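In: Sequence and predicted structure are below.
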Amino acid sequence: MISTYPFVSGKYLVNGEWIELPEKVDVVNPANTSEVVGQVAKCSEEIVNDAIEAAENAFETWSRSDIGERANRMNTAAEELSKVIEENVTVFVRENGKTLVEAKKDLLRCVEVMKGCAAELLDWWKPEVLSGNQKVQIRRRARGVTAIITPWNSPMILTFKRVIPAVLAGNAVVVKPATNCPLTIMTCFKSSCRTFSSRSHQYSLRIRKSNRRYTMFRFTRTDIGVCRKYGNRKRYHAEISWKSAKSIYGTWRQ
């Protein structure tokens, strides 16, 4: 039988290489739970550490790369992604449950994010001198390896809004998309980017709590438990509701 699963099904991406694993989790169509759209690889701790090490190695050169080169590469990646929008719309609908119109709109917005951030990069990166009696200058710099954890409800645009600025700023990135709809994200990264990886949600929770090699975490309200326990150890960028603000504030005050 010929498999109808996407190429990325059951695989993870580390250092530009797609690797298939025997341990996998089914990705199910929410509108037809008897349909398996594809599978997501369930990685071991060793594999995740390999991904982090690859990101650390990439950071050494990428963080020192020319700003213009970063912008040019991102524009090239955006063009590559725009070529596969149509073929990814159906996969997105089947694994996430969005309508065709909403799914295509989200994918097109991802291309816009890539081009828009690339266009703003050169001016944003320039040193900024603050007015006042004392000369104060603001300079941007890359921070290191960024772990990006995104939810199922709007997986594409929320992932790209975090990955693209982090990469353009010179950081290396390790991405954990939602386990129940990771396929479109990985397929789009296959077309446009090389430094991203995917693993199961259950596994990533263990890694977030044990690994000390991430410089920064970016996540949504669903991962607020990480802040409660480890808020004094990492820099976080969180998209949260008012209900979660108190728990973060309380953690950071301790």
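Out: Here it is on my side, so go on.

In: Around residue 91, how many other residues sit close by?
Out: By other CB atoms under 10 Å, the residues close to residue 91 number 22. C-betas here are computed from N, CA, C, even on glycine.

In: That one touches residue 187, doesn't it?
Out: Yes - if you go by CB atoms under 8 Å, residue 91 and residue 187 touch, sitting 6.6 Å apart.

In: Find residues that contact each of these two.
Out: Common neighbours of residue 91 and residue 187 (criterion: CB atoms under 8 Å, 6 or more residues apart in numbering): residue 6.

In: Could you say which helix or strand holds residue 75?
Out: Residue 75 is part of helix 67-82 when elements are defined by DSSP states H and E.

In: what's that helix packed up against?
Out: Contact partners of helix 67-82 among helices and strands, from 3 or more CB pairs under 8 Å, 6 or more residues apart in numbering; DSSP states H and E: helix 100-125, helix 155-168, helix 183-192.

In: Would you convert those helices into CSV that also reports distance to residue 149?
Out: Below are the helices and strands packed on helix 67-82 laid out as CSV (distance: least, CB to CB, whole Å):
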stretch, distance to residue 149
helix 100-125, 17
helix 155-168, 9
helix 183-192, 12
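
In: okay, these in JSON lines with mean pLDDT, mean neighbour count and distance to residue 43 next?
Out: Formatted as JSON lines, the helices and strands packed on helix 67-82 follow (pLDDT from 0 to 100; neighbours: other CB atoms under 10 Å; distance: least, CB to CB, whole Å):
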{"stretch": "helix 100-125", "mean pLDDT": "94", "mean neighbour count": "17", "distance to residue 43": "24"}
{"stretch": "helix 155-168", "mean pLDDT": "92", "mean neighbour count": "22", "distance to residue 43": "18"}
{"stretch": "helix 183-192", "mean pLDDT": "86", "mean neighbour count": "24", "distance to residue 43": "13"}
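
In: closest to residue 11 out of the ones you listed?
Out: Counting by CB to CB, residue 11 lies closest to helix 183-192 out of the helices and strands packed on helix 67-82; the figure is 7.6 Å.

In: ok, residue 59 - contacts?
Out: By CB under 8 Å, 6+ apart, the neighbours of residue 59 are 142, 144, 145, 170, 171, 172.

In: of those, closest to residue 5?
Out: Among those, and counting by CB to CB, the member closest to residue 5 is residue 172, at 28.6 Å.

In: Which pLDDT does the model give the closest one?
Out: The model reports residue 172 with a pLDDT of 91.

In: any idea how far it lies from residue 137?
Out: Separation of residue 172 from residue 137 (CB to CB, to the nearest Å): 26 Å.

In: so how far is stretch 124-132 from its chain's centroid?
Out: Relative to its chain's centre, stretch 124-132 lies at 29 Å (CA atoms, centre = their mean, to the nearest Å).

In: what's the answer for stretch 84-98, then?
Out: That offset, for stretch 84-98, works out to 18 Å (CA atoms, centre = their mean).

In: Other residues contacting it?
Out: For stretch 84-98, contacts defined as CB under 8 Å, 6+ apart pick out 6, 27, 29-31, 35, 37-38, 99-100, 103-104, 106-108, 111, 152, 155-156, 180-184, 187-188, 191.

In: What degree of burial does residue 180 show, as a neighbour count?
Out: Neighbour tally, residue 180, other CB under 10 Å: 19.

In: Same question for residue 127.
Out: 8.

In: Likewise for residue 148?
Out: Residues contacting residue 148 under the criterion other CB under 10 Å number 24.

In: Same question for residue 10.
Out: The number of residues near residue 10, taken as other CB under 10 Å, comes to 23.

In: Distance-wise, check it relative to residue 113.
Out: From residue 10 to residue 113 the distance is 28 Å (CB to CB).

In: Could I get the contacting residues of residue 68?
Out: Residues near residue 68 by CB under 8 Å, 6+ apart: residue 122.

In: hang on, isn't residue 166 packed against residue 145?
Out: No - using CB under 8 Å, residue 166 is not in contact with residue 145, being 9.6 Å away.

In: and stretch 118-131, how far apart are its ends?
Out: This stretch, stretch 118-131, spans 28 Å end to end (CA to CA, to the nearest Å).
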